[in-house]
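Trainee: 3D, please:
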Amino acid sequence: MNKKNVATEPNPAAEQRLYRVVAAKIQDLIREENIKPGIRLPAERELAAKLSVSRASLREALIALELSGIVEVRGGSGVYVSEKASSPSDVTEGGPGPFEVLAARRLIESEVAAIAAKMATDSAIDAILRAAAEMEQHHADRATNEQADRNFHLAIARATGNTALVGVVETLWNQRGTMWHKLKEHFQTEELRQNTLDDHRNIVAAIAAHDAAGARQAMRAHLERVTKTFSRG
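Mentor: Numbers count the residues shown, from 1 in each chain. Just a heads-up that it's a prediction; the model follows:
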């Protein structure tokens, strides 16, 4: 029997994450153009064009560099080179970038919402409603609000009656690590937070009406809105 030589097979897990590649390009730019500590980098739009990358990939890379101490992101001012950039540095290895996670959530949670709309019992809908109400009640308390947001999405997954889907959604939420929270810290707006409440009301209404197509579209629109807000300038 011929055995496949698995040693020669590509390993996707070993491939370098895109934001790390972009981060390396930014570090090369800092060195090549001799941008000194304390000097502001070009504006995001200009930098993305210069490096031929998307704004989303650039923003992930800048967050990674900030967490590594190589740049400093100053809200409303721009991105500045730090003292650490003058010495050889590597971006700390992390999990998927925030926009990778959002893309996966948009694909998976939209279908989960559609299935929930078909399968949800009255008690499952009540659980979704409670999570949505808790999120609105604790709108000003960001930590509690975020936990309620997580509970809302998990309640929708549980409404499908499929524990495997619950596990998938929970795993996606668990991948929202330090980069995600730093991205939110810099770029989440009050407008997005208010829109999120509206989006959740639309999702609940579609699921309660057992409208699968409506629930799918409402969830997709919600996650697309989050993605656009975090990536636009």
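Trainee: helix, strand or coil for V79?
Mentor: Secondary structure, DSSP: H, G, I helix; E, B strand; the rest coil: V79 is strand.
Trainee: what sits against it?
Mentor: 40-41, 44, 62, 66, 71-73 (Cβ atoms under 8 Å, 6 or more residues apart in numbering). In short, each C-beta sits where N, CA and C put it, glycine included.
Trainee: can I get those in TSV with distance to A133 and pLDDT?
Mentor: TSV is the format used below for the contacts of V79 (distance: Cβ to Cβ, whole Å; pLDDT from 0 to 100):
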residue	distance to A133	pLDDT
R40	44	93
L41	43	95
E44	37	90
L62	36	92
E66	35	90
V71	40	92
E72	39	90
V73	34	87
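Trainee: out of these, list just those in strands.
Mentor: Judged by DSSP state E, the subset of the contacts of V79 located in strands is 71-73.
Trainee: which residues touch stretch 104-117?
Mentor: Outside stretch 104-117, the residues that touch it by Cβ under 8 Å, 6+ apart are 96, 124, 128, 153, 156-157, 159-160, 162, 165, 168-169, 172, 203, 206-207, 209-220, 223-224, 227.
Trainee: filter the residues you listed down to the buried ones.
Mentor: Listed as buried from those are 96, 124, 128, 153, 156-157, 159-160, 165, 168-169, 172, 203, 206-207, 211-212, 214-220, 223, 227; burial here means 16 or more other Cβ atoms under 10 Å.
Trainee: could you list which of those residues belong to helices?
Mentor: 124, 128, 153, 156-157, 159, 165, 168-169, 172, 203, 206-207, 212, 214-220, 223, 227 (DSSP state H).
Trainee: hmm, M135 is touching D198, no?
Mentor: No: the pair M135 / D198 is not scored as a contact, 11.7 Å apart, by Cβ atoms under 8 Å.
Trainee: for the longest helix belonging to the chain, give the mean pLDDT please.
Mentor: Ranked by residue count, the top helix of the chain under DSSP H comes out as helix 98-119. When pLDDT is averaged along helix 98-119, the result is 96.
Trainee: next: stretch 153-163.
Mentor: Stretch 153-163 carries an average pLDDT of 98.
Trainee: C-alpha coordinates for stretch 169-183, CSV please?
Mentor: Written as CSV, here are the backbone C-alpha positions of stretch 169-183 (Å, rounded to 0.1, in the frame of the first residue of the first chain):
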residue,chain,number,x,y,z
VAL,A,169,-20.1,29.9,18.1
GLU,A,170,-18.5,29.8,21.6
THR,A,171,-15.1,29.0,20.0
LEU,A,172,-15.4,32.0,17.7
TRP,A,173,-16.2,34.2,20.6
ASN,A,174,-13.2,32.8,22.6
GLN,A,175,-10.9,33.8,19.7
ARG,A,176,-11.7,37.5,20.3
GLY,A,177,-8.4,38.1,22.2
THR,A,178,-6.3,41.1,23.1
MET,A,179,-6.1,42.4,19.5
TRP,A,180,-9.9,42.4,19.4
HIS,A,181,-10.3,44.4,22.6
LYS,A,182,-7.6,46.8,21.6
LEU,A,183,-9.4,47.4,18.3
